[in-house]
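Colleague: heads up, no residue letters with this:
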């Protein structure tokens, strides 16, 4: 008897789960009506189930012709209005969560907005010009994650947003839904002085579009362009990854008056040169070590990039960098040394210097 009771309870639970998971649509509603069920029972089921009714004019006519009463049709429309409103409220709540400084909560909000797909786009569209740049940036990211092509025009307009973080997010979002027409517009945008051009540069970079190299290089040569624009052009060239861009990137690394341009140039060189030929790699490493010496304010970034160059002169530069008074620089040097050598030594200059005296032959240092 106890066994029968337990089995019955389990079966009841499974039935409840199955019922809760059911989605009531037009076809199922017609089936219920044609089964001869009383209207009150149908209305009760309509009230408790998740619904996905198509309430277009043509579909309402079909439902009426199938015997669905006017009362049930009214309740079906009310149910869909309620569900839509609940969805809009939740989307609005997720948009407000984007203001959080908690990275995990922010990521959850983006994920939830993505799960709504195209349903979220109209609500997000109302916030792409929000007074709060944090909201604008988050909305752009969410639209990129959703990837619905209907968002392209509003994102293209947002390329000229006043805030650089927003433009960065917009550029990446556009790259997730670009087509040939959009790419052509981006190429024209990069050539338009008087506009913010960094977002368009980044979109082309994330698209890895080699036809953009000429336009990006021209922008890099335009010394009247804003630092943000030139820095984005450099970063985009690094993303595209064409070795033919290295000469321009190294020139920017060594000679640009902008810290941001130099740092992005170092990262771009680090993306391309380690995978080029031996001579190209060595020349790039020499340029990076010269920039390391020349620009103390950029050393932490350059030291991190040098971790991809397993060359003797690089190791010597990094060992010297362990003595740097800036802890960010010494930490970057230490991490790059470990990445290059595979050694697990401590952080002191003396320890690495002693190791190097015994190990330099392995790195073919004359």
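Modeller: Good, I have the coordinates. Source: prediction; values computed, not measured.

Colleague: and residue 67, what does it touch?
Modeller: With contact taken as C-beta atoms under 8 Å, 6 or more residues apart in numbering, residue 67 is in contact with 30, 33-34. The way it works is simple: take the backbone N, C-alpha and C, and place the C-beta from them, glycine included.

Colleague: which among those gets closest to residue 236?
Modeller: Comparing the contacts of residue 67 against residue 236 with C-beta to C-beta picks out residue 30 as the nearest, at 54.8 Å.

Colleague: and the residue nearest to the closest one when sequence neighbours are not counted, how many neighbours?
Modeller: Computed as C-beta to C-beta, 6 or more residues apart in numbering, the closest residue to residue 30 that is not its neighbour in sequence is residue 66, at 4.4 Å. Residues near residue 66, counting by other C-beta atoms under 10 Å, number 14.

Colleague: ok, now residue 59?
Modeller: Neighbour number of residue 59 under other C-beta under 10 Å is 12.

Colleague: after the helix or strand that it is a member of, next one along is what?
Modeller: Residue 59 is part of helix 57-65, with elements assigned from DSSP states H and E. Sequence order places helix 70-97 as the next helix or strand after helix 57-65, per DSSP H and E.

Colleague: if you count contacts, what does that following helix end up packed against?
Modeller: helix 26-34, helix 39-48, strand 50-51, helix 57-65, helix 103-116, helix 121-125, helix 133-146 (3 or more C-beta pairs under 8 Å, 6 or more residues apart in numbering; DSSP states H and E).

Colleague: return the distance of the shortest one from the chain's centre.
Modeller: When C-alpha coordinates are averaged (C-alpha atoms, centre = their mean, to the nearest Å), strand 50-51 and its chain have centres 33 Å apart.

Colleague: what mean pLDDT does that strand get?
Modeller: Averaged over strand 50-51, pLDDT sits at 79.

Colleague: please renumber so the chain begins at 474
Modeller: Sounds good: first residue 474 from here, last item strand 523-524.

Colleague: and it, which strands flank it?
Modeller: strand 496-497 (parallel) (DSSP bridges).

Colleague: buried deepest among the helices and strands packed on helix 543-570, which one?
Modeller: With neighbours taken as mean count of other C-beta atoms under 10 Å, the helices and strands packed on helix 543-570 reach their highest mean count in helix 606-619, at a mean of 24.

Colleague: strands of the stretch 574-723 of the chain, start to end?
Modeller: With DSSP state E, counting those that start in this stretch as the definition, the stretch 574-723 of the chain shows no strands.

Colleague: sorry, back to before: wait, which of the helices and strands packed on helix 543-570 is closest to residue 749?
Modeller: Checking the helices and strands packed on helix 543-570 against residue 749 by C-beta to C-beta gives helix 606-619 as the closest, at 30.9 Å.

Colleague: other SSEs contacting the closest one?
Modeller: Secondary-structure packing of helix 606-619 (3+ C-beta pairs under 8 Å, 6+ apart): helix 543-570, helix 576-589, helix 594-598, helix 625-631, helix 637-648.

Colleague: could you rerun that using 6 Å?
Modeller: helix 576-589, helix 594-598, helix 637-648 (3 or more C-beta pairs under 6 Å, 6 or more residues apart in numbering; DSSP states H and E).

Colleague: just put those in CSV and tack on mean pLDDT and distance to residue 800.
Modeller: Formatted as CSV, those follow (pLDDT from 0 to 100; distance: least, C-beta to C-beta, whole Å):
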stretch, mean pLDDT, distance to residue 800
helix 576-589, 95, 23
helix 594-598, 92, 41
helix 637-648, 96, 26
